[in-house]
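[1] the following block contains a protein sequence and its predicted model.
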Amino acid sequence: MTTQPDGTILYTPFPDYALTDPPTGADTVRTTYRLGGRIVAVQPKVGAAAGSVLLHLNRPLPMS
């Protein structure tokens with residue numbers, strides 16, 4: 001747990017999970033997905049409307 005100067009608390013109980021809890025406003029949860037030890041996607045969820053946005057960081061696999 002880390003507290004920033006503005007009062008925001010950052011929880012990182014696991015290497016691929018982070019919860020940002022600002023003093024005002026919605027919380028943000030970031031989950032990192034790995035494949036073979038490499039980051040392949042990050043999913044941010046903001047507040048109660050935790051949508052299913054999934055940001056892919058890898059390039060598409062070649063079709064063979």
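    Noted; the coordinates are in hand. Numbers count the residues shown, from 1 in each chain.
[2] what pLDDT is listed against T28?
    On pLDDT, T28 comes in at 89.
[3] show me the shaky parts of the chain.
    48-64 (pLDDT under 70).
[4] what about the strands in it?
    2-3, 9-14, 17-21, 28-35, 38-46, 55-56 (DSSP state E).
[5] output the contacting helices and strands for the third one.
    Using 3 or more CB pairs under 8 Å, 6 or more residues apart in numbering; DSSP states H and E as the contact criterion, the secondary-structure elements in contact with strand 17-21 are strand 9-14, strand 28-35. The way it works is simple: take the backbone N, C-alpha and C, and place the C-beta from them, glycine included.
[6] ok, now the first one?
    Using 3+ CB pairs under 8 Å, 6+ apart as the contact criterion, the elements in contact with strand 2-3 are strand 9-14.
[7] now the angle between strand 28-35 and the strand it packs on, please.
    With axes from the mean of the first three to the mean of the last three CA atoms, to 10 degrees defining the directions, strand 9-14 sits at 20 degrees from strand 28-35.
[8] partner strands of strand 9-14, with direction?
    Strands that pair with strand 9-14, judged by DSSP bridges, come out as strand 2-3 (antiparallel), strand 17-21 (antiparallel).
[9] alpha carbons of that strand, as CSV, please.
    Output of strand 9-14 as CSV, limited to C-alpha atoms (Å, rounded to 0.1, in the frame of the first residue of the first chain):
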residue,chain,number,x,y,z
ILE,A,9,-4.1,5.2,-1.9
LEU,A,10,-2.5,2.6,-4.3
TYR,A,11,-3.0,-1.0,-3.3
THR,A,12,-0.9,-3.6,-5.1
PRO,A,13,-1.5,-6.9,-3.3
PHE,A,14,-0.5,-8.9,-6.4
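[10] that'll do, ta.
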